[in-house]
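In: The amino acid sequence is not available; the structure is as follows:
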């Protein structure tokens, strides 16, 4: 079987609550060369904050 083209990444909250989302990313895509940033809901901070891409350990 072929290896999957997507990798799992962790979207870490910038509010320093320790909350994170896990999602997939295609590293071979020419459109996603820089690290991802999304504005998502942090239930610990109880507001929308910016989440930045990080590695899963």
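Out: Received the coordinates, thanks. These numbers come from a predicted model, not from an experiment.
In: Tell me where the chain has strands.
Out: Taking DSSP state E, the strands of the chain run over residues 7-13, 20-25, 37-42, 47-54.
In: Any chance you could list what contacts the second one?
Out: In this structure, residues lying in contact with strand 20-25 by Cβ atoms under 8 Å, 6 or more residues apart in numbering are 6-13, 32, 36, 40, 51, 53-54, 56. Heads up, the C-betas are built off the backbone N, CA and C, glycines and all.
In: cool, and stretch 37-57?
Out: 8-15, 17-22, 25, 35-36.
In: and those residues, which are buried?
Out: Buried by 16 or more other Cβ atoms under 10 Å: 9, 11, 12, 13, 15, 19, 20, 25, out of these.
In: Tabulate those in CSV, adding columns for pLDDT and distance to residue 46.
Out: As requested, the buried ones among the contacts of stretch 37-57 are exported to CSV (pLDDT from 0 to 100; distance: Cβ to Cβ, whole Å):
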residue, pLDDT, distance to residue 46
9, 95, 24
11, 97, 18
12, 97, 18
13, 97, 12
15, 96, 10
19, 97, 11
20, 97, 16
25, 92, 27
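In: Now for the closest residue to residue 18 other than its chain neighbours, how many residues are close by?
Out: Excluding the flanking residues, the one nearest residue 18 by Cβ to Cβ, 6 or more residues apart in numbering is residue 44, at 7.3 Å. Neighbour count for residue 44, taken as other Cβ atoms under 10 Å: 12.
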